[in-house]
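Chemist: Sequence first, predicted model second:
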Amino acid sequence: MTKIPTKKILMSQFSKMKKKIDQICAKIKKDAMKHAGKRTILKEKKELLLLVGECNFISKELAKFHKKHR
């Protein structure tokens, strides 16, 4: 049985993703300042892109939710 997403659930997921994205961006910036290896930065970039994709999905779900519940 799947859970029907509510605004509260979607917003909490969105805020968690935003925190993770901010943390990864800060880590990439710090690693770039330390002249970290290319692999390290590319790994973090992939993780960042994955999180951005998840945020995009959640924002679309929020838009659907708002459209249905007007």
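Modeler: That came through fine.
Chemist: hey, which helix is longest across this structure?
Modeler: For the chain, the helix with the greatest residue count under DSSP state H is helix 38-68.
Chemist: Go through it and flag the buried ones.
Modeler: By 16 or more other CB atoms under 10 Å, the buried positions in helix 38-68 come out as 44, 48, 51, 54, 55, 58, 61, 62, 65. No exception for glycine: its C-beta is placed from N, CA and C like everyone else's.
Chemist: So which other helices or strands are in contact with it?
Modeler: Applying 3 or more CB pairs under 8 Å, 6 or more residues apart in numbering; DSSP states H and E, one finds that helix 38-68 makes contact with helix 7-33.
Chemist: what is the mean pLDDT for the helix it packs on?
Modeler: What helix 7-33 shows for mean pLDDT is 85.
Chemist: Also stretch 45-63?
Modeler: Mean predicted confidence for stretch 45-63 is 85.
Chemist: Run through who's touching it.
Modeler: Here stretch 45-63 makes contact (CB atoms under 8 Å, 6 or more residues apart in numbering) with 5, 7, 10-11, 13-14, 17-18, 20-21, 24-25, 28.
Chemist: Swap in 10 Å and give it another go.
Modeler: 5, 7, 9-21, 23-25, 27-28 (CB atoms under 10 Å, 6 or more residues apart in numbering).
Chemist: Selection in ChimeraX covering whichever of these are buried, please.
Modeler: The ChimeraX command for the buried members of the contacts of stretch 45-63 (criterion: 16+ other CB under 10 Å) is given here:
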select :10,13,14,17,20,21,24,27,28
